[in-house]
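Colleague: One predicted model, sequence on top.
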Number of protein chains: 2
Amino acid sequence: MCHTLAVNEIADHRLRAAWTPEGAAAVHLVPKAVRWLGQRIGPCPQGAPIAPDSAIGVEPSRLGDAEAVALADVVGTENVLVDRAERLGRAGGLSYLDLLRRRDPASGIAVPDAVVLPADPEQVQRVVDVCAEYDVGVVPFGGGTSVVGGVTALRGDKKAVIALDLDRLDQLVSVDRVSRIAVLQAGMRTPDVEQRLAEHGLTLGHVPQSFERATIGGFAATRSAGQESSGYGRFEDMVTGVRLATPSGEWRLGVAPASAAGPDLRQLAVGSEGTLGVFTEVAVRVRELPEKERFEAFAIDGWERGTTIVRHLAQRGLLADVTRLSDVDETDSALALSANWKTTALRRYLRARGIAEPCLLVLGWYGNAKARRAEAVRGLRAVGAINLGGAPGRTWLRGRFAGPRQRDALLDMGVCVETLETAAYWSNIGPLYERVSDALRSALHRPLVLCHISHAYETGASLYFTVLAARDERDPAGQWERAKQAASEAITVEGLGTISHHHAVGIDHKPYLTEEIGEIGASVLAAAKRAVDPKGILNPGKLVP
Amino acid sequence: MCHTLAVNEIADHRLRAAWTPEGAAAVHLVPKAVRWLGQRIGPCPQGAPIAPDSAIGVEPSRLGDAEAVALADVVGTENVLVDRAERLGRAGGLSYLDLLRRRDPASGIAVPDAVVLPADPEQVQRVVDVCAEYDVGVVPFGGGTSVVGGVTALRGDKKAVIALDLDRLDQLVSVDRVSRIAVLQAGMRTPDVEQRLAEHGLTLGHVPQSFERATIGGFAATRSAGQESSGYGRFEDMVTGVRLATPSGEWRLGVAPASAAGPDLRQLAVGSEGTLGVFTEVAVRVRELPEKERFEAFAIDGWERGTTIVRHLAQRGLLADVTRLSDVDETDSALALSANWKTTALRRYLRARGIAEPCLLVLGWYGNAKARRAEAVRGLRAVGAINLGGAPGRTWLRGRFAGPRQRDALLDMGVCVETLETAAYWSNIGPLYERVSDALRSALHRPLVLCHISHAYETGASLYFTVLAARDERDPAGQWERAKQAASEAITVEGLGTISHHHAVGIDHKPYLTEEIGEIGASVLAAAKRAVDPKGILNPGKLVP
């Protein structure tokens, strides 16, 4: 039933999805999906087409001549880009609001005054030095996949702001096979990382949905978590050392796997979202490429039972490397949209086996997980979970990076589509799920709210919501902003969960951060920033309350 | 061969060693050990006796009347102690230099001006508020087991300093069985923690050598690591939430198992050594008490081969919950001092099996570790390790807390005895071991230098050195200070390792911290401190460069 892959197939799995603009543009929704969605969320307005770049209002660059010359001195004239298309290409990330802005010629999108492309860590430091000297804002730019406004080109109180694009920092600096540490330049994208590491028989194992575009520096800046986090850990668990360019000079951290030499400042740098420095190199723990992998899926009756099972697996050390539980609606949508499954027959079969409200649990096992899997499967059977075999697991695997690619197609259809995520301790997971779902359903007309757990821990889990609704053409941005606010308040007001499990803070979550870390936490962040970046040139307006 | 214990025996294991002053005082060295030590380090001077408390010079308390009244208003007159014995009882920790000072009436030992014993977190906050108002220094005092000067009663620029003793904060606040989280007051000692959790079938699994005396707040303040860290993680891995009293008010952190809401400020609080706040409560991840445990030992030929094996176990996910590798000299001393082992016969047997330079590897397995152990043992056999059965493991288990208890006896004998520790990435472990050993051997006359690895990670390990030498009676403190400086420079100068893996910074490691975290790291720590504690009343002179 289950599918076992050879080593090079595994490498291929992670690599073949390498992103191309053509690939991203090519995704359309199949007619079946369009019909089904219409039944669920009702009629949608005719969506606005993507405005041609030439239609979008872009202010002239405010970068002064002296600054431009000083930057060109560091990186070469050809790597200081001030033309409209290049600047527009780094004007924000991939949130629904970002996408809306790109469709509206009058949206007043914030565009950097220049794009600067340094070649190496030394040049990044010198670019930061120049910007500090001329009081120019610096937005570090990697894959541009932020969905919280993390790379929006805010000027703050600066007269100009640059996008410091790390695209040329794409080198695997070193591999220490004995220590199992690789030093990666910050602009490396994950497919390249996996390809280069595979040559050494190694893997990083960081596979977020943004895998195809996102960069090592971005993962470090945002405390990213990947789909394989149960097995490989969150990105911050992988980081052993960091190198940052800051207005106070280079900052390097990390001489040992663990230390009691004061607070762990690596964990202050990681998650600092470009406000404390620009990551130029990150040393990460790597692992041997597993010899095999196995994906499979189970159906469990109901969300509550599903979360209980995942909790038991986490607390007994039996999590699969990929562990992903969909709620009833997300399972329903997966069944409805699957081209492969005979959905009606499957539903009938599950009902006959006592599963009225199926929740899909996808498990992916890497390497020699035989004993662990056997025990996990025993536990699953004991609570009536039905093994659906390898096909649904493989279906998920094939589509694991598809979500972001479908969003333009959905916007074209007039759909409001966005995701949001949080995490909480297990005893809060039930109430948090209810409150966020209720908040979204109250704030939107007839929305489809899907949820899954993709990151489970001994003490709690993440909740990842996907929301689809007919777009309100009178106020498309306000429609989502109100829904997001309702959900964010449901998460934070009683300290039920964190405002972000892995999307980070950026601009969108900033209003909720102080509630979570306290006035003291906010003042500590601000103090750290002042110490490193006294003029406040680094990523103005992000993160720091 | 191997010994399997029932649940209540395991709880008993951790509990029976509950510390009493009588227990600590009762430890003497057996004549065999005295003879053996004499052969190894040569003749020792007649040790100075412990000076009676009455002989030690103690300044009168400088706490003003107004401050004393304000503190008594908070905690009651009976909990503001200014008498000599109480103050002297909180005058520093348990380093060799601390012990020397207690033997020297003229040592000028730093003694707090008062001991204040609040009853709960609210009182701690109010005590901190009073001290901020009157500009009085605050040294948080838990078990008093610091070996780096972390609880030395330095006044800094304050006119007075109090020891804020957390002894009365000894409550298990709550147990969340679903989330597997317990909230513990900061003054709880580990035996009490384990006893209270065992009533719920749970365990914390934090077992440092200071287990009997050290407190939850102290573990959090110092990023402690226990003997079972391979299975249960370091203390910072267990912390889910913290509550601190600070001059800026109460600070609470931790709403989810993982978060991308900015840097992980829990990891800034943990390890702050009382300089950013006083821990009053710590929420920790707990686990089910394992149903069984199994201890065993192996002999491996040579340190290099031993470290390679431990590295392979760590990188293949096969570490035992307790994994401890002694070098040749530490193994030799264990064999020489063991009352149980027929040492000569054992050495002969090992030599016949090809082990000329035995290194002892103790493994302790908790719960259902059958599959993991089987694979680990296969790996050990493949490199010629000899299974010594359960007896040496049990011997280690019985003596696991004995080290600190023997130190007074060794000082009585005229021995200079101290430990120091570091950690590094695997490819640095060999050079680090050599350089620290060489530094200690060069700085001391005919020392005995023993080393073990007790904390292994995928990317590296700790090194824990025990040093014994004949005391230089002309300058006993200077003798050790010079050796410590040589070792610390060997560790830090080329960034080979961290200045501390789990002992923390305190006063002793402060000169080496900036080398490790950089000028920027030092300025970030200082800025965070100023933000939270603008007058600098918290633990003056510690940690922050």
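Modeller: Happy to help now that I have it.
Colleague: okay, CA-based contacts and neighbour counts for the rest of this
Modeller: Fine.
Colleague: So which bits of the stretch 101-250 of chain A are right by chain B?
Modeller: Applying Cα under 8 Å from any Cα of the partner chain, we find that the stretch 101-250 of chain A lies next to chain B at A:176, A:178, A:179, A:180, A:181, A:222, A:223, A:224, A:248, A:249.
Colleague: Redo the residues you listed as TSV? Include secondary structure and pLDDT.
Modeller: Below are those laid out as TSV (DSSP: H, G, I helix; E, B strand; the rest coil; pLDDT from 0 to 100):
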residue	secondary structure	pLDDT
A:176	strand	98
A:178	coil	98
A:179	coil	98
A:180	coil	98
A:181	strand	98
A:222	helix	98
A:223	coil	98
A:224	coil	97
A:248	coil	98
A:249	strand	98
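Colleague: farthest pair in the residues you listed?
Modeller: A:178 and A:248 (33.4 Å; Cα to Cα).
Colleague: pretty sure residue A:33 is touching residue A:335, no?
Modeller: No. Proximity of residue A:33 to residue A:335 does not meet the contact threshold set by Cα atoms under 8 Å, at 10.8 Å.
Colleague: Of those two, which one has the most company?
Modeller: Shown here are residue A:33 and residue A:335; by other Cα atoms under 10 Å in any protein chain shown, residue A:335 has more neighbours (19 against 16).
Colleague: what about the more buried one, helix or strand, and which?
Modeller: helix A:328-337 (DSSP states H and E).
Colleague: Please save the CA atoms from that helix in CSV.
Modeller: Extracted C-alpha coordinates of helix A:328-337, given in CSV (Å, rounded to 0.1, in the frame of the first residue of the first chain):
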residue,chain,number,x,y,z
VAL,A,328,-13.5,18.1,9.0
ASP,A,329,-13.9,21.0,6.5
GLU,A,330,-10.3,20.8,5.3
THR,A,331,-10.7,17.1,4.9
ASP,A,332,-14.0,17.6,3.0
SER,A,333,-12.3,20.1,0.7
ALA,A,334,-9.4,17.7,0.1
LEU,A,335,-11.8,14.9,-0.8
ALA,A,336,-13.9,17.2,-3.0
LEU,A,337,-11.0,18.5,-4.9
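Colleague: mind listing what's buried in the helix or strand just after that helix?
Modeller: Once helix A:328-337 ends, the next helix or strand along the chain (criterion: DSSP H and E) is helix A:343-352. For helix A:343-352, a neighbour-count test (16 or more other Cα atoms under 10 Å in any protein chain shown) marks A:343, A:347, A:350 as buried.
Colleague: The stretch 301-450 of chain A: helices as residue ranges?
Modeller: With helices called from DSSP state H, counting those that start in this stretch, the stretch 301-450 of chain A shows them at A:303-315, A:328-337, A:343-352, A:370-382, A:391-398, A:402-405, A:407-412, A:426-443.
Colleague: For the helix or strand containing residue A:237, enumerate the helices and strands it packs against.
Modeller: Per DSSP H and E, residue A:237 falls inside helix A:235-238. On a contact count with 3 or more Cα pairs under 8 Å, 6 or more residues apart in numbering or on different chains; DSSP states H and E, helix A:235-238 meets helix A:216-222.
Colleague: contacting residues around the helix or strand just after the helix it packs on?
Modeller: Toward the C-terminal end, the helix or strand that comes next after helix A:216-222 (DSSP H and E) is helix A:229-232. Under the contact criterion Cα atoms under 8 Å, 6 or more residues apart in numbering or on different chains, helix A:229-232 has outside partners A:204, A:205, A:206, A:238, A:319, A:320, A:321, A:322, A:323, A:455, A:456, A:457.
Colleague: Check stretch A:204-215 too.
Modeller: A:14, A:17-19, A:142-145, A:186-191, A:193-194, A:197, A:224-229, A:232, A:234-235, A:284-287, A:400-401, A:403-404.
Colleague: Kindly recompute the last result at 6 Å.
Modeller: Contact partners of stretch A:204-215, identified using Cα atoms under 6 Å, 6 or more residues apart in numbering or on different chains, comprise A:18-19, A:142-143, A:187-190, A:226-227, A:232, A:286, A:401.
Colleague: now it: mean pLDDT?
Modeller: Mean pLDDT, stretch A:204-215: 94.
Colleague: got the CA positions of it in PDB?
Modeller: Extracted C-alpha coordinates of stretch A:204-215, given in PDB (Å, rounded to 0.1, in the frame of the first residue of the first chain):
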ATOM      1  CA  LEU A 204      18.500  20.300   6.000                       C
ATOM      2  CA  GLY A 205      14.900  19.100   6.200                       C
ATOM      3  CA  HIS A 206      13.400  22.500   6.200                       C
ATOM      4  CA  VAL A 207      10.300  22.400   4.000                       C
ATOM      5  CA  PRO A 208       7.900  25.300   4.500                       C
ATOM      6  CA  GLN A 209       5.200  25.900   1.900                       C
ATOM      7  CA  SER A 210       7.400  28.800   0.600                       C
ATOM      8  CA  PHE A 211      10.200  26.200   0.000                       C
ATOM      9  CA  GLU A 212      10.600  27.100  -3.600                       C
ATOM     10  CA  ARG A 213      11.400  30.800  -3.100                       C
ATOM     11  CA  ALA A 214      12.200  31.500   0.500                       C
ATOM     12  CA  THR A 215      15.800  31.900   1.600                       C
END
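Colleague: Now it: buried residues?
Modeller: For stretch A:204-215, the neighbour count (16+ other Cα under 10 Å) marks A:204, A:205, A:206, A:207, A:208, A:209, A:210, A:211, A:212, A:213, A:214, A:215 as buried.
Colleague: Return the backbone torsion pair for whatever residue of the stretch 51-200 of chain A ends up closest to chain B.
Modeller: For the stretch 51-200 of chain A and chain B, the shortest gap (Cα to the nearest Cα) falls at residue A:179, measuring 4.6 Å. Here is the backbone geometry of residue A:179 (degrees, to the nearest 10): phi -80, psi -10.
Colleague: what's the answer for residue A:54, then?
Modeller: Main-chain torsions, residue A:54, degrees, to the nearest 10: phi -70, psi -20.
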